[in-house]
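Novice: Turn this into a structure:
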Amino acid sequence: MSGTFTLPLESEQLMLRIQDFKIINSDQIHTIQEPVLILIAGDASDRKFFRLINKEISAICMQFPKWEGGYGGDPISWIGMHNALSKMELPVPKIIEIDETNSCIWTEDLGDIFLTSIINDEILDIDDHKCNQAINYYKQALDLLIKAQYPQVKIDHPAINRFFDYEKLYYEMNFFITHFLNGFLNLNVSEENLEYINLYQDLKLLCKKLDSCERVLCHRDYHVRNIMLKDKDLYWIDFQDARMGPHAYDVVSLVRDSYVQITWKTRKHLYDYYIEKLNKIREKNNLNNISSISFNLELLLMGLQRNIKAIGSFGYLATKKNKPNYLRYVRQTLSILCSKEAQIHEETDIKAMLPNLFKLLYDLYNGSLEEILNEKIKNFK
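Specialist: Modelled structure (predicted):
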């Protein structure tokens, strides 16, 4: 499937082709003379990533399974969203070369420093001065979200007609059931099973609540491994799935990230920072302020949905993609979900609102399903 696109003005056509270089693993670099392509660790997608080692140019080659268009993890979507974000002055890697024949996009090399790399301690804690630099970068990452949500230049970007609506949110909840509860734990969870009817009702209610939220542009996968640091500046990567959704979607993806342990006091500090900056930009756009009470409820509900979806993804990656390393984040994510702070709201009892969903989460974390879960993670091959 083909698509139309334009290269940013700063790009240069250098005729880079993957077949012109020898591909090696990182442990072979000392035995090979440059130029070569080094296979580097990628993300959870089906793409391959290579670093060009060459005195003349530094570049990353991102190779897709095939050249196609659609919406999501394909090269046409990546290019389309890249162009949109560039026009919005969001920091993304520059495109150097597009090679449709080999399904490759060559970009500038941002290095190897991710946002997760600068978290020196095991826990991100606002009370620990050693975390000050990392917390400041988190604030910069939140600033970039607001810049994307309220761009100075309105453009017609690929995500404008894609939404985290009820159907999409509920699909993600079913993804958790299909690939984690059933695919990984081998439970028999379905709407036809009378034991789980109330669980499905809770999931539907959660999605309906979130469907009613005001929508802005969402990166879609905004966590510490998709934010890079180069020359003290942050850059976005893996943005091709962007679409419209609640303000809190990317905020909780970052601040309730499964990959990083963050104290709840630190989370609140970052939430407060975001809502203050959010309302300032809304005032400039002649929009009403969002109250902290209403936004805190959105944060809790969106965080619940995002963390559950993350666990579903860990099950999928293990069972369908043969990537079991992600299973180590399951219990950490459950600890977030089962924390009292994940249920506390000024006006609403989240646990009372969704009792069957929270019962399942508690059963997984330290209840009737805990032993089964631990055994499955320990022995999964």
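
Novice: Show me where the stretch 101-250 of the chain has its strands.
Specialist: Applying DSSP state E, counting those that start in this stretch to the stretch 101-250 of the chain gives strands spanning 104-108, 123-124, 215-218, 227-230, 233-236, 243-246.

Novice: Does the first one pack against any helices or strands, and if so which?
Specialist: When you say that, I think you mean strand 104-108. strand 59-63, helix 75-87, strand 95-99 (3 or more CB pairs under 8 Å, 6 or more residues apart in numbering; DSSP states H and E). To be clear about C-beta, it is placed using only N, CA and C from the backbone, and glycine gets the same treatment.

Novice: okay if I get these as JSON lines plus distance to Ile24?
Specialist: JSON lines is the format used below for these (distance: least, CB to CB, whole Å):
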{"stretch": "strand 59-63", "distance to Ile24": "13"}
{"stretch": "helix 75-87", "distance to Ile24": "24"}
{"stretch": "strand 95-99", "distance to Ile24": "20"}
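
Novice: right, and the strands of the stretch 101-250 of the chain - which one's nearest His345?
Specialist: When these are ranked by proximity to His345, the top entry is strand 243-246, at 15.7 Å, counting by CB to CB.

Novice: Could you pull up the mean pLDDT of the closest one?
Specialist: Per-residue pLDDT over strand 243-246 has a mean of 96.

Novice: buried sites along that strand?
Specialist: Neighbour-count burial for strand 243-246 flags Arg243, Met244, Gly245, Pro246 (criterion: 16 or more other CB atoms under 10 Å).

Novice: Leu254 - nearest residue in space that isn't next to it in sequence?
Specialist: Distances taken as CB to CB, 6 or more residues apart in numbering place Tyr222 nearest to Leu254, at 5.2 Å, with adjacent residues excluded.

Novice: And the residue nearest the centre of the chain?
Specialist: Asp221 (1.8 Å; CA atoms, centre = their mean).

Novice: pretty sure it is in contact with Tyr249, am I right?
Specialist: No. Counting by CB atoms under 8 Å, Asp221 stays clear of Tyr249, with 10.2 Å between them.

Novice: so how many other residues sit close to Glu195?
Specialist: 10 (other CB atoms under 10 Å).

Novice: now the end-to-end length of stretch 126-135.
Specialist: 7 Å (CA to CA, to the nearest Å).

Novice: right, I mislabeled it, should have said stretch 65-76
Specialist: 12 Å.

Novice: What residues sit buried inside that stretch?
Specialist: Buried residues in stretch 65-76, counting neighbours by 16+ other CB under 10 Å, are found at Trp67, Gly69, Tyr71, Gly73, Asp74, Pro75, Ile76.

Novice: same check, this time on stretch 179-195
Specialist: Buried, per 16+ other CB under 10 Å, within stretch 179-195: His179, Phe180, Leu181, Asn182, Gly183, Phe184, Leu185, Leu187, Val189.
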